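A.B. asks: just need the structure, nothing else, for what follows:
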Amino acid sequence: MLTKALLTNEAYRLEYNYKEACPKGINALVMAKNDRAACQLILQSDKHYSVSLSRGDWYSDFEKVAPGKALSGHDRFRVAVNSPLKVSLHHIGMFFDDDETKKADILLNQDVVETYANMPTSIYIELESEKDTVAGEYDTVVKVYHSLYGEDEKEVASFKLTAKVYDAVLDDSRNWRFHLDLWQHHCNLARHADVRLWSDEHFDLMKPYAKSMADLGQKAVSICVSEIPWGGQLCESDHRYGGNMFEYSSVFVTKKLDGSFEYDFSKMQRIIDTYAEAGIDKVIEVFGLVNLWGVKGYPCGDPIDEYPEDIKVRYLDESDGAQKYLRRGDDIIAYVKALERYFIDTKQIDKVRIAADEPADPERYSRSLDMLKSIAPSFRGSCAINHAEFIGQFHDRIDDFVPYLGCTVKEFDRLKEYQSTYPDKTFLWYVCCDRNMKPNTFISSHPIESRAIGLMTSFVGFDGFARWAYTIWSENPRLDVRHSAFEAGDTCFVYPGYNGRPLLSLRYKNLQRGIADYELITRYREKYGDEKADALLKKVLIFDDIRAYLKNGQCRHESELFSVDFDDYNAIKEEVLKGLE
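C.D. replies: Presented below is the predicted three-dimensional model:
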């Protein structure tokens, strides 16, 4: 028997924590043209039950019969949605979080899920408008049907959801101004799909993942030009959950019989082209030249005096067929120069950023920048900064500033001064690892925190947001996404589907919604001015001054920082859409 059926907002996260699922109901959504809006359907039965999202018949494991026993008759439910707008339905799968509580996150593509008696399940219902959708109200009807196996269905629940489409068109994500930089880990894709690295199958695999990033407005493609620039991200010491986090170079180097070196950039270029075809073509982010992370057990021989980094560039020696590492400074410098020359010759140099991830040694980082400037002066730098003093020390040597939220708060006045002084530079911010920094995108985070990222970026006047991982997974991410060294969800926004395509998440969808909010508010700001736009944002962003965001080095409680009430975000969006009509 159906014991619970209700519609609630898309930012709700179902948890199995022995508390009854009683979220606030919803009966209306607002959206622009060329936009999306969503809700969730929560169901529960007092028997074991299965839920189908398609018209086809299905068999459930709950229907297995023990020898000599009669069929017990579990509940079978089917969800049907009728709408004049485009509709997509997904079961929302659950994972154990670090607190051992199961929480909803992954949007599944399967038709049927099975759930035990007295445990709720959730379904994600998304509506999509087109550019030529006529402004107005569109009624969507959600129905739930029940049957026992072999019986006719009967309607047991029905809901009407009104989507109001305003006469304002949201730009295509490829044209969004929000600068999103989610780093990619291409080797991890190949490992989890069991395909050969840099094979045709690998590049085919990248395409749907690139498309999913383009749908968020992603601007940068990640490239590694030396081996394991991040080391193993501590995966080598994770004996509980496993997972391989090593990333490798997509450039192939050969030492010819005459002693000269040949550089093959074709695989690297194919990555760039694959992402550009999806619409990600603004920035080429190159990792592996500066601020390289070491890893125990992966020595590369004696330190190289002529180059300030322990860079690992492998080459094939034609004289004996062995793979070796460049160990002479001159050879490494020649490699860096060849890389610069390639980007110049292919007219891509203006897009290239030599990326550094959280340098902790300012002296070494300074030497690395000096070296790059002397041997490859066309290269420009980007740096994820988690030490506030770096901002002042390297402000004139970095083209893209990406400070950690804590650094952003501590050095906000200086960053805004630089932003005014260097209008051509890009200013992003990021969060990672620390659950005390909010808004964040962990599974433990409220899903609407991902949406708050877009509004917060608008409020502080930055260009966008960065995060260190889009597709780093544990050994079996469809069963468990936890890592010993990271919060669950810290390492990914999507999950690997068995068909080679990404499965999205509640966090992905709320981030997408927040970036769309940013786009609409930017247009509102241009039309009505900063004061009126910021007054709207203050309905969600509770803090009075970003400089007081921290207390004793930690984020204040979320109740002092931002709202987690979906209605507040919906109200802002509706006000913005009214103003843009």
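A.B. asks: show me what contacts residue 138?
C.D. replies: Residues in contact with residue 138 (Cβ atoms under 8 Å, 6 or more residues apart in numbering) are 83, 84, 85, 127, 162, 163, 164, 165. To be clear about C-beta, it is placed using only N, CA and C from the backbone, and glycine gets the same treatment.
A.B. asks: tell me the one among these nearest to residue 369.
C.D. replies: residue 127 (48.9 Å; Cβ to Cβ).
A.B. asks: sheet partners, orientation included, of whichever strand or helix holds the closest one?
C.D. replies: Residue 127 is located in strand 121-128, with elements delineated by DSSP states H and E. Strand 121-128 has the following sheet partners, assigned by DSSP bridges: strand 36-45 (antiparallel), strand 86-96 (antiparallel).
A.B. asks: among those strands, which comes closest to residue 534?
C.D. replies: strand 36-45 (24.4 Å).
A.B. asks: beyond that closest one, next helix or strand please.
C.D. replies: Taking DSSP H and E, what comes next after strand 36-45 is strand 49-52.
A.B. asks: relative orientation of the following helix or strand past the strand holding residue 127 and strand 121-128 in degrees?
C.D. replies: For strand 121-128, the succeeding helix or strand toward the C-terminus, using DSSP H and E, is strand 136-147. Here the directions of strand 136-147 and strand 121-128 differ by 150 degrees (axes from the mean of the first three to the mean of the last three Cα atoms, to 10 degrees).
A.B. asks: put the alpha carbons of strand 136-147 into PDB.
C.D. replies: Taking C-alpha atoms only, strand 136-147 is exported to PDB below (Å, rounded to 0.1, in the frame of the first residue of the first chain):
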ATOM      1  CA  GLY A 136       2.700  31.400 -20.100                       C
ATOM      2  CA  GLU A 137       1.700  28.800 -17.600                       C
ATOM      3  CA  TYR A 138       2.000  25.100 -18.500                       C
ATOM      4  CA  ASP A 139       0.300  22.500 -16.400                       C
ATOM      5  CA  THR A 140       2.100  19.200 -15.800                       C
ATOM      6  CA  VAL A 141       0.200  16.200 -14.400                       C
ATOM      7  CA  VAL A 142       2.100  13.600 -12.400                       C
ATOM      8  CA  LYS A 143       0.300  10.300 -11.800                       C
ATOM      9  CA  VAL A 144       1.200   7.200  -9.800                       C
ATOM     10  CA  TYR A 145      -0.400   3.900 -10.700                       C
ATOM     11  CA  HIS A 146      -0.400   0.700  -8.600                       C
ATOM     12  CA  SER A 147      -0.800  -3.000  -9.400                       C
END
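A.B. asks: can you list the domains in the chain?
C.D. replies: Annotated domains of the chain cover 2-169, 173-432+468-504 [automatic domain parsing].
A.B. asks: for those, which one sits closest to residue 523?
C.D. replies: domain 2-169 (8.0 Å).
A.B. asks: now that closest one: average pLDDT?
C.D. replies: Averaging pLDDT along domain 2-169 yields 92.
A.B. asks: report the contact partners of the closest residue to residue 135 other than its chain neighbours.
C.D. replies: Spatially, and ignoring its direct neighbours in sequence, residue 135 is nearest to residue 167 (3.9 Å; Cβ to Cβ, 6 or more residues apart in numbering). Going by Cβ under 8 Å, 6+ apart, residue 167 touches 33, 135, 581.
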